[in-house]
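>>> Give me a model of this one.
(one chain, ligands or ions: 1)
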Amino acid sequence: MKRLELHACPVRDCRGKRQRWEAVCGTCWPLLPFDKRKAILDARKARARHLEASASIDAVAWLNEHRPADLAAKIMGERDAGAAEPP
Ligand SMILES: [Zn+2]
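Predicted coordinates for the structure are as follows:
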């Protein structure tokens, strides 16, 4: 049996590892909008490799535009701002 090879996650500034068949790592995956994840899963289910590839590229491009670190900072910032507000 072939050993499972891990690949670097293609998302910028992400140090995660992914399986060959995964578009992004397990950290980035849940950050994707539902429709982007669905596009990848639907294409995979239909065995439409070209559609899965283009959906994966689209998903990575989205993540690069909406950097996970920025999203996290925004969420934390909003939380902090909310906490700082008087009741
Ligand atoms: Zn990642």
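>>> For Cys14, what is the enclosing helix or strand?
Counting by DSSP states H and E, no helix or strand carries Cys14.
>>> which residue packs closest to it, ignoring adjacent ones?
Cys28 (5.8 Å; CB to CB, 6 or more residues apart in numbering). In short, each C-beta sits where N, CA and C put it, glycine included.
>>> Who are the packing partners of the helix or strand Ile40 falls within?
Element membership of Ile40, judged by DSSP H and E, is helix 34-45. In terms of contacts (3 or more CB pairs under 8 Å, 6 or more residues apart in numbering; DSSP states H and E), helix 34-45 is packed against helix 49-65.
>>> Now do the buried residues in the helix it packs on.
Neighbour-count burial for helix 49-65, counted by 16 or more other CB atoms under 10 Å, picks out 52, 55-56, 59-60, 63.
>>> got any ranges where the chain has weak pLDDT?
The chain contains residues with pLDDT under 70 at 1-3, 68-76, 78-87.
>>> what does it put close to the ion?
Proximity of the chain to the ion (CB under 5 Å from the ion) is limited to residues 9, 11, 14, 16, 24-25, 27-28.
>>> Report the buried members of those residues.
Burial by neighbour count, 16+ other CB under 10 Å: within these this picks out 9, 11, 14, 16, 24-25, 28.
>>> Look at the closest residue to Arg18 other than its chain neighbours and tell me its secondary structure.
Leaving aside its chain neighbours, Arg18 sits nearest to Cys25 (4.5 Å; criterion: CB to CB, 6+ apart). Assigned by DSSP: H, G, I helix; E, B strand; the rest coil, the conformation of Cys25 is coil.
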